[in-house]
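[1] Build me a structure from this.
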Amino acid sequence: MSLYNELRSRNQAVWEQVVTHSFVEELGADTLPMEKFQRYFLQDYLFVRDFTRLLALGVAKAPDFSAARRLAGFLAGVLDGEESLFRRSFQEWGLTEAQYTSTSPAVTTRAMGNLMARVAYEGSFTEILTVLVVTEGTYLEWASRLVEAGREPRTGVYREWVEIHSNADFRRFVEWLFERLDATTEAERGRVEELFEVTLGYELAFFDLSYQDSS
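    Below you'll find the model as predicted:
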């Protein structure tokens, strides 16, 4: 059994809660209230700002050129694809740059950002990889499940969010992450297991944010 499958199996209950979250199901059915998505999207914009630092330092810590190219290519896609979707959506919602860049992070967003910062600056390449396996692996799974079920939301930004996280390039990148995780040494396994569990818990809490009363 691959290390990814082993960790996934060990944390199966929480993993399933993430990939079948009400947020995901409502998004796929096009019944997610826009205010819930906007609350999530603003926080995810803050998450991505920290996430790009994690990727950039992953490139710097990559053990070989092949890994560096993979992460650099994915980073470029985040900056060109996701970031442009954020800006277009905010503009459509009537938000100025000053408004969305000054959004305060929720407790979960700040905690996840702090985790990524510690891993990026103090952790090993394998630790960076572990965080990516969880954040990208869960997104690939929920988005792919929606596509396989024929769920295609009419709302443009919902549909794009599913497409970004289910397309063939994204799938290949995530599968590469799973394969690279198998190179984890015995000395690193304890930290990898801990990071996998903690990151997965944050992923669940992040979707929960959309359902919290913002008043």
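[2] in this structure, which residue is closest to the centre?
    Thr135 (3.7 Å; CA atoms, centre = their mean).
[3] Tell me the helices and strands packed up against the lengthiest helix in the chain.
    If you go by DSSP state H, the chain has its longest helix at helix 34-61. On a contact count with 3 or more CB pairs under 8 Å, 6 or more residues apart in numbering; DSSP states H and E, helix 34-61 meets helix 22-29, helix 65-77, helix 83-92, helix 107-122, helix 125-148, helix 156-164, helix 189-208. For the C-beta atoms, the positions are set from N, CA and C on the backbone; glycine is no exception.
[4] make it 10 Å
    helix 22-29, helix 65-77, helix 83-92, helix 97-101, helix 107-122, helix 125-148, helix 156-164, helix 189-208 (3 or more CB pairs under 10 Å, 6 or more residues apart in numbering; DSSP states H and E).
[5] What residues sit buried inside the lowest-mean-pLDDT helix or strand in the chain?
    One helix or strand of the chain scores below all others by mean pLDDT, DSSP states H and E: helix 97-101, with a mean of 92. Buried residues in helix 97-101, counting neighbours by 16 or more other CB atoms under 10 Å, are found at Tyr100.
[6] same for it, what does it pack against?
    By 3+ CB pairs under 10 Å, 6+ apart, helix 97-101 packs against helix 34-61, helix 83-92.
[7] Could you dump those into JSON lines and include mean neighbour count, distance to Phe173 and mean pLDDT?
    Formatted as JSON lines, those follow (neighbours: other CB atoms under 10 Å; distance: least, CB to CB, whole Å; pLDDT from 0 to 100):
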{"stretch": "helix 34-61", "mean neighbour count": "18", "distance to Phe173": "11", "mean pLDDT": "96"}
{"stretch": "helix 83-92", "mean neighbour count": "15", "distance to Phe173": "17", "mean pLDDT": "94"}
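[8] just so I know, which of the ones you listed lies nearest Phe196?
    Across those, Phe196 has its closest neighbour in helix 34-61 (15.1 Å, CB to CB).
[9] quick check: angle from the closest one to helix 22-29?
    Interaxial angle, helix 34-61 versus helix 22-29 (axes from the mean of the first three to the mean of the last three CA atoms, to 10 degrees): 110 degrees.
[10] Tell me how many other residues crowd the nearest residue to Asp50 once chain neighbours are set aside.
    Counting by CB to CB, 6 or more residues apart in numbering, Gly113 is the residue found nearest to Asp50 once chain neighbours are left out, at 4.1 Å. Per other CB atoms under 10 Å, the neighbour tally for Gly113 reads 19.
[11] OK, contacts around Gly113?
    46-47, 49-51, 53-54, 105, 202 (CB atoms under 10 Å, 6 or more residues apart in numbering).
[12] With respect to Glu82, which of these is nearest?
    Set against Glu82, the nearest of these by CB to CB is Phe51 (9.2 Å).
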